[in-house]
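Asks: turn this into a model:
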Amino acid sequence: MKQLVAEGQHPEILMIGCSDSRVDPALLTQSEPGELFMVRNVANLVPPYQPDGSYHGTSAAIEYAVRVLGVSEIIVMGHSQCGGIQGLIRLRSGEAVQDDFVSPWVSIAGSALDPYIDQSTSNVKDSEGSDHWPSVVERAVVRTSVDNLMTFPFVRERVEQGTLSLHGWWFDLGSGELWGLDMTSKMFALIE
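Replies: Residues are numbered from 1 along each chain as shown. As a prediction, this is how the structure comes out:
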């Protein structure tokens, strides 16, 4: 720790993960202090770029990591059984909600649910089978967050220069498996 204090932080990776207490990105990646610049929020969301003078904690952390720290990788890591994603599904299903902050926050990823919404009834379709379709939505939300990263001009510029790589990960709490997003096909595959 004395070295980190004396030399400052120089992480190579910005990790955007969920606030869920069961998922600790540092433990999963076996990272030491100073290796990851962490952002944790409900449902591991990246909002779109919106410099409107309002409070934007996640966006501020992305800007600091990219512009000040010069990270070379950004990882968005979602997980199974995500309460924030379950809240988004309930919200989009039309259930009444009693919160001030969670529903507006998770609505950032509302478009990720569009393929699973029956447009004639506005109900969420169970197109993947009741045991598996929430994980499909969780992965779709990771894709949406990775896509939203590209709305930040300073992120897009670095990606196009080849000095910044974006990654999407999804962690299965039950099996311990880690899945990675192929940036070309936009499909997830097991990381070995």
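
Asks: what about the closest residue to Leu164 other than its chain neighbours, is that helix, strand or coil?
Replies: Spatial nearest neighbour of Leu164, excluding adjacent residues (C-beta to C-beta, 6 or more residues apart in numbering): Arg158 at 3.6 Å. Placement of C-beta: from N, CA and C, glycine included. Assigned with DSSP: H, G, I helix; E, B strand; the rest coil, Arg158 falls in the helix class.

Asks: pLDDT score for Arg158?
Replies: Note for Arg158: predicted pLDDT of 98.

Asks: Gly87 now?
Replies: 90.

Asks: element containing it?
Replies: Using DSSP states H and E, the element containing Gly87 is helix 83-92.

Asks: and the residue nearest to Leu164, how many neighbours?
Replies: 20 (other C-beta atoms under 10 Å).

Asks: and it, how far from Glu73?
Replies: According to C-beta to C-beta, to the nearest Å, Arg158 and Glu73 sit 11 Å apart.

Asks: what do these two both touch?
Replies: Leu164 (C-beta atoms under 8 Å, 6 or more residues apart in numbering).

Asks: ok, and for stretch 167-186, which residues are buried?
Replies: By 16 or more other C-beta atoms under 10 Å, the buried positions in stretch 167-186 come out as 167-171, 178-181.

Asks: any chance of those residues in TSV with secondary structure and pLDDT as columns?
Replies: Compiled in TSV, these are given as follows (DSSP: H, G, I helix; E, B strand; the rest coil; pLDDT from 0 to 100):
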residue	secondary structure	pLDDT
His167	strand	98
Gly168	strand	98
Trp169	strand	97
Trp170	strand	96
Phe171	strand	96
Leu178	strand	95
Trp179	strand	95
Gly180	strand	96
Leu181	strand	96
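
Asks: please consider this matter closed, and thank you.
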